[in-house]
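Visitor: Let's see this in three dimensions:
(chains A and B)
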Amino acid sequence: QKEVEQNSGPLSVPEGAIASLNCTYSDRGSQSFFWYRQYSGKSPELIMFIYSNGDKEDGRFTAQLNKASQYVSLLIRDSQPSDSATYLCGGTSYGKLTFGQGTILTVHP
Amino acid sequence: DTGVSQDPRHKITKRGQNVTFRCDPISEHNRLYWYRQTLGQGPEFLTYFQNEAQLEKSRLLSDRFSAERPKGSFSTLEIQRTEQGDSAMYLCASSRTDEQFFGPGTRLTVL
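Guide: Predicted coordinates:
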């Protein structure tokens, strides 16, 4: 079992819709969780982080964390074609950040 | 505001050669990380420094890989006797807290 698993993609949504990206983790010692966006050929870009159970909102992005279920999600509201990218979920434990395999999101006009 | 920089951006080498990559972190960041990423996969942790101390090294890292961070500033990652399986994007990240910021990466191709 991988330490961090993301919902299999690719995910395709129409422009203006909500995109939902999910992630589960196996290490209960994981303390912080991150969502990175990675455009093709580029390096990962941090878009959201969450440490506590519940929701965290930043503009069109909402991260959700449920430590009891070992589940992290990212919602993107009003999806735009520029949101088309690979989204990486990661969790840290004592400084080490472990990523999932990524979910490819395509937002079509 | 200067982000994380990496040099070179691309490296093509022949199997068996040694290569060295450099990473310059964001200036106030005391933590520095190296990752490797292959196509279709998330970045894979290689090693981690806090200041000049190497605190963790992945079990996946063979003895051919070595990293240094003299004086807690820039870091180098060396791969000795490269193999075709080493072809990947090598990413460096830095942080002051848990939030890591990535450099542009060095793409290594081993022929």
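
Visitor: hey, let's count contacts and neighbours off CA atoms from now on
Guide: Fine.

Visitor: Pull out the buried residues from stretch B:91-110.
Guide: Residues of stretch B:91-110 classed as buried by neighbour count (16 or more other CA atoms under 10 Å in any protein chain shown): B:91-95, B:98-110.

Visitor: can you check stretch B:46-60 too?
Guide: Burial within stretch B:46-60, assessed by neighbour count using 16+ other CA under 10 Å, is assigned to B:Leu46, B:Thr47, B:Tyr48, B:Phe49, B:Gln50, B:Asn51, B:Glu52, B:Gln54, B:Glu56, B:Lys57.

Visitor: restrict those to contacts with chain A.
Guide: B:Tyr48 (CA under 8 Å from any CA of the partner chain).

Visitor: could the buried residues of stretch B:46-60 be laid out in TSV, adding pLDDT?
Guide: TSV is the format used below for those (pLDDT from 0 to 100):
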residue	pLDDT
B:Leu46	94
B:Thr47	94
B:Tyr48	93
B:Phe49	95
B:Gln50	94
B:Asn51	93
B:Glu52	92
B:Gln54	91
B:Glu56	87
B:Lys57	88
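
Visitor: would you turn the buried residues of stretch B:46-60 into TSV with secondary structure?
Guide: What follows is the buried residues of stretch B:46-60, written out as TSV (DSSP: H, G, I helix; E, B strand; the rest coil):
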residue	secondary structure
B:Leu46	strand
B:Thr47	strand
B:Tyr48	strand
B:Phe49	strand
B:Gln50	strand
B:Asn51	coil
B:Glu52	coil
B:Gln54	strand
B:Glu56	strand
B:Lys57	strand
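
Visitor: Could you dump the buried residues of stretch B:46-60 into TSV with distance to A:Leu65 added?
Guide: Formatted as TSV, the buried residues of stretch B:46-60 follow (distance: CA to CA, whole Å):
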residue	distance to A:Leu65
B:Leu46	26
B:Thr47	27
B:Tyr48	26
B:Phe49	28
B:Gln50	28
B:Asn51	31
B:Glu52	33
B:Gln54	31
B:Glu56	27
B:Lys57	28
